[in-house]
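Trainee: pasting the sequence and the predicted coordinates here, then a few questions.
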Amino acid sequence: MSDRPRIRLFLAYQTDPGDGGGGNLANRVCADVLRSSFDVVDHREDADLQVISYAWDGAPHPARLFIDHGSFADAGFWAFRAPGLTSRDTVLVASSVCQRIAQRFIESGGPSVVTVPLPIDTEQFSPAVDRQAVRRGLRDEHGIPDGGPLLLVAAGFVRRKNHHLALRVFGQLLEQVPEARLAVVGSTPNAETSRWYRAAVSDLAVRLGIASRVQFLGPLPRPRLARLMSGADLLLHLTTCRIENFGLVVAEAMAAGLPVAASDWGGLRDLVSPGGTGLLARTYLSDLGPRVDWRSLVGPAGDLLRDADAWTLMSRRARERAVEQLGLPAYSGRLRDAIAVAFQRSSVAATPPVFSPGARELMFRTTVLNAMHREIRDAGDEFRLLMPLDGGSHYRFLAGPAATSERPPIVQQDDHLYPVAAWHTEADDVVVSDEAWPSRFHAPTPALRLLQRCDGTQPVRGTLELLRAENPEGNDMMRHAQWLVDRGVLCPLDRRG
C-alpha cells in the first residue's frame with residue numbers, strides 16, 4: 001500500500017455484531033479490512049470515497065462504492081435504482097454472473113462493476129483431523145448413525161432452494177449407496193410459503209419412502225454447522241434462487257473439505273469445478289420456470305461416494321481452492337484493489353448508464369407491472385409476473401445469465417427423457433406439482449401418452465417406436481417430446497457424467 005495515495009473512506013452502513021452469516025458477515029469482514037488498510041473517517045464530507053451496502057442511494061459526493069448482495073437479479077433494481085448510478089460509481093459484485101448481467105443491461109457508461117468474491121473463514125470451516133470422531137459426535141448430538149456416507153443440505157426453507165430436488169437425488173442415490181443418510185439443516189422463515197414448503201419437503205420424504213434415512217436438524221450455529229460439514233461426505237445444493245449471486249454455503253463446504261453436488265446456477269459455477277471440486281447439474285429456463293437436470297447427479301455422486309481415493313482427492317482440491325481464492329488474504333487483496341479502482345473513478349465526469357434495448361424494454365415492463373399490481377410486495381412477485389410476458393423474453397433476459405442455457409435442450413433420438421418435475425393429470429391438463437415452480441397446462445393426447453411413457457429408462461427412439469406400434473396413425477411425436485421439454489416437465493438426461 002505504500003505506493004498508493006492514502007484514501008479516506010466513510011462507511012455508510014452498519015453491521016450486526018452477532019454470529020449471523022451471509023451479507024452481514026461479509027459486510028463486517030469488509031469493514032474490518034477497510035479499517036486496517038485505509039483511513040476511515042467519521043463524517044461523509046471528510047472522505048474521498050463512501051462505501052454503501054444494502055442501499056442504492058446516498059449523496060453523490062464523495063464518489064460511491066456500492067456492495068451488491070444480489071440486487072442485480074431483480075427487475076426492480078434495473079427499473080428504479082440502476083438509472084441513478086453514474087460513471088463515478090463502483091459496484092462490488094460477488095461472482096461473474098453479476099458481471100454478465102451488467103454487460104447485458106448496460107451498453108456504455110454507468111458504474112464500474114468489479115468482482116470481489118465473498119470471504120470465507122477457512123479456520124472455522126476446515127477439514128476434520130479425525131472424521132470418524134466427528135461422526136461419533138454427530139451420533140451423540142443428533143442421533144445420526146456414524147456408519148455410511150452422510151449427505152447434507154444446508155439452506156433455509158425457501159422454495160427456490162429446492163430441498164425437494166435434493167430429496168429426489170438422495171432417494172435415487174440410495175439404490176447405489178443404501179447405507180447413506182441425509183441431514184437437512186436450515187431455518188424456516190416466518191412466512192406462510194416457507195412453513196408450507198417445510199411441511200411439503202417432510203411429506204415428500206415420506207412419499208419417497210426415505211423418511212427413516214432423512215433427519216431435519218433445524219437451524220444450527222455456524223460453529224456446529226462447520227463441524228457437521230467436516231464430518232459429511234457430500235453437500236447437495238440445487239438452488240435456482242434468483243439471488244444466488246455467490247453461494248456462501250457452497251464456499252464454506254469447500255473450505256471444510258466437503259465435495260459439493262450443485263446446480264450450475266448463478267455464482268455456483270465460479271466455485272465448483274466439475275470433476276475437480278464437485279459436481280454440477282445443468283440448468284435451463286423452461287417456458288414455465290427454471291429447471292435442474294437433477295437426475296444427472298445421481299450416477300457421478302454414487303461413484304464418488306463408493307471411491308475413497310476419488311473422494312479424498314476431490315476433498316483436498318475443494319479445500320485448496322477455498323483457501324487460495326476465498327480466504328481472508330485473497331479477499332483483502334481484491335478489496336484493496338477495488339478501492340483503488342473506485343478512487344481513480346472519483347475524478348471522472350458523472351454520466352448515467354446507456355441501457356441496451358432489451359434492458360429498456362424490461363425496465364418499462366417492470367414499471368408498468370408495479371403500477372398495475374398493487375399486490376407486489378417484493379422482487380419475487382415481480383419475477384413471477386414478468387415470466388409469461390412477451391413469450392418469456394424478459395424472464396430470459398434477466399435470468400438467462402444465471403442458467404447453463406436460456407433455452408431448454410434440443411431433444412435427440414438417443415436422449416433418455418425423465419420427469420424433471422413431479423406431475424399428474426386432471427382431465428386433459430398436466431398439473432406440474434413441482435414445489436418451487438408449479439404450473440398447469442393443457443396437453444394434446446399424443447403428448448400425454450408420451451409423457452406417461454418417459455421414465456428415463458430407454459432412449460426416445462424406443463419410446464416412440466412403442467407408441468407408433470400402438471397407434472400407427474400417430475406422427476410428429478418428436479415435436480411433442482420437445483414441447484414437453486420446453487414446458488419444463490420432461491428433461492433429457494445429461495449422460496456425460
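Mentor: That came through fine. Residues are numbered from 1 along each chain as shown.

Trainee: switch to C-alpha atoms for all contacts and neighbour counts from now on
Mentor: Will do.

Trainee: per-domain residue ranges of this structure.
Mentor: Following automatic domain parsing, one finds the domains of the chain at 1-118+327-402, 131-325, 417-492.

Trainee: I'd like the average pLDDT over the host helix or strand of Val97.
Mentor: Applying DSSP states H and E as the criterion places Val97 in helix 96-105. Regarding helix 96-105, the rounded mean pLDDT is 96.

Trainee: return the most buried member of the domains of the chain.
Mentor: Mean neighbour count (mean count of other C-alpha atoms under 10 Å) peaks for domain 131-325 among the domains of the chain, with a mean of 20.

Trainee: and the domains of the chain as JSON lines, adding distance to Pro409?
Mentor: Putting these into JSON lines (distance: least, C-alpha to C-alpha, whole Å) gives the following:
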{"stretch": "domain 1-118+327-402", "distance to Pro409": "14"}
{"stretch": "domain 131-325", "distance to Pro409": "8"}
{"stretch": "domain 417-492", "distance to Pro409": "7"}
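
Trainee: state the three-state secondary structure for the closest residue to Glu406 other than its chain neighbours.
Mentor: If the residues on either side of it in the chain are set aside, Glu406 comes closest to Gly400, at 4.7 Å by C-alpha to C-alpha, 6 or more residues apart in numbering. Secondary structure for Gly400, judged by DSSP: H, G, I helix; E, B strand; the rest coil, is helix.

Trainee: which SSE is immediately downstream of the helix or strand of the chain with the lowest mean pLDDT?
Mentor: Ranked by mean pLDDT, DSSP states H and E, the weakest helix or strand in the chain is helix 460-470, scoring a mean of 83. Moving toward the C-terminus from helix 460-470, the next helix or strand (DSSP H and E) is helix 477-486.

Trainee: angle of that next one against helix 460-470?
Mentor: The directions of helix 477-486 and helix 460-470 differ by 120 degrees, with axes from the mean of the first three to the mean of the last three C-alpha atoms, to 10 degrees as the criterion.

Trainee: what about the helices in the stretch 201-350 of the chain?
Mentor: Taking DSSP state H, counting those that start in this stretch to define them, one finds helices in the stretch 201-350 of the chain at 222-231, 248-255, 268-271, 298-306, 308-326, 328-345.

Trainee: adding distance to Asp415 and mean pLDDT, write those out as JSON lines.
Mentor: Below are those laid out as JSON lines (distance: least, C-alpha to C-alpha, whole Å; pLDDT from 0 to 100):
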{"stretch": "helix 222-231", "distance to Asp415": "36", "mean pLDDT": "96"}
{"stretch": "helix 248-255", "distance to Asp415": "31", "mean pLDDT": "97"}
{"stretch": "helix 268-271", "distance to Asp415": "25", "mean pLDDT": "96"}
{"stretch": "helix 298-306", "distance to Asp415": "16", "mean pLDDT": "97"}
{"stretch": "helix 308-326", "distance to Asp415": "28", "mean pLDDT": "97"}
{"stretch": "helix 328-345", "distance to Asp415": "43", "mean pLDDT": "95"}
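
Trainee: of all the ones you listed, which lies closest to Leu484?
Mentor: Closest to Leu484 of these is helix 298-306 (C-alpha to C-alpha; 22.6 Å).

Trainee: which strands and helices sit next to that closest one?
Mentor: Judged by 3 or more C-alpha pairs under 8 Å, 6 or more residues apart in numbering; DSSP states H and E, helix 298-306 is in contact with helix 163-173, helix 308-326.

Trainee: now the last one, how far from the chain's geometric center?
Mentor: In other words, helix 308-326. Computed by C-alpha atoms, centre = their mean, to the nearest Å, the chain-centroid distance of helix 308-326 equals 21 Å.

Trainee: ok, residues contacting that helix?
Mentor: Residues from elsewhere that reach helix 308-326, judged by C-alpha atoms under 8 Å, 6 or more residues apart in numbering: 117-120, 122, 126-127, 251-252, 254-259, 275-278, 304-305, 330-331.

Trainee: dump stretch 16-29 to PDB, restricted to CA.
Mentor: C-alpha atoms of stretch 16-29 as PDB (Å, rounded to 0.1, in the frame of the first residue of the first chain):
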ATOM      1  CA  ASP A  16     -24.800  -6.600  13.300                       C
ATOM      2  CA  PRO A  17     -22.100  -7.900  15.700                       C
ATOM      3  CA  GLY A  18     -24.000 -11.200  16.100                       C
ATOM      4  CA  ASP A  19     -22.900 -14.600  14.700                       C
ATOM      5  CA  GLY A  20     -25.100 -14.400  11.600                       C
ATOM      6  CA  GLY A  21     -23.600 -15.300   8.200                       C
ATOM      7  CA  GLY A  22     -24.500 -14.100   4.700                       C
ATOM      8  CA  GLY A  23     -24.300 -10.500   3.800                       C
ATOM      9  CA  ASN A  24     -24.000  -9.200   7.300                       C
ATOM     10  CA  LEU A  25     -20.900 -11.300   7.900                       C
ATOM     11  CA  ALA A  26     -19.400 -10.200   4.600                       C
ATOM     12  CA  ASN A  27     -20.100  -6.600   5.500                       C
ATOM     13  CA  ARG A  28     -18.400  -7.000   8.900                       C
ATOM     14  CA  VAL A  29     -15.300  -8.500   7.400                       C
END
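
Trainee: pull the distance from it to the chain's centre.
Mentor: 20 Å.

Trainee: what's next to that stretch, contact-wise?
Mentor: For stretch 16-29, using C-alpha under 8 Å, 6+ apart, the contacting residues are 15, 53, 69, 118-119, 221-222, 248.
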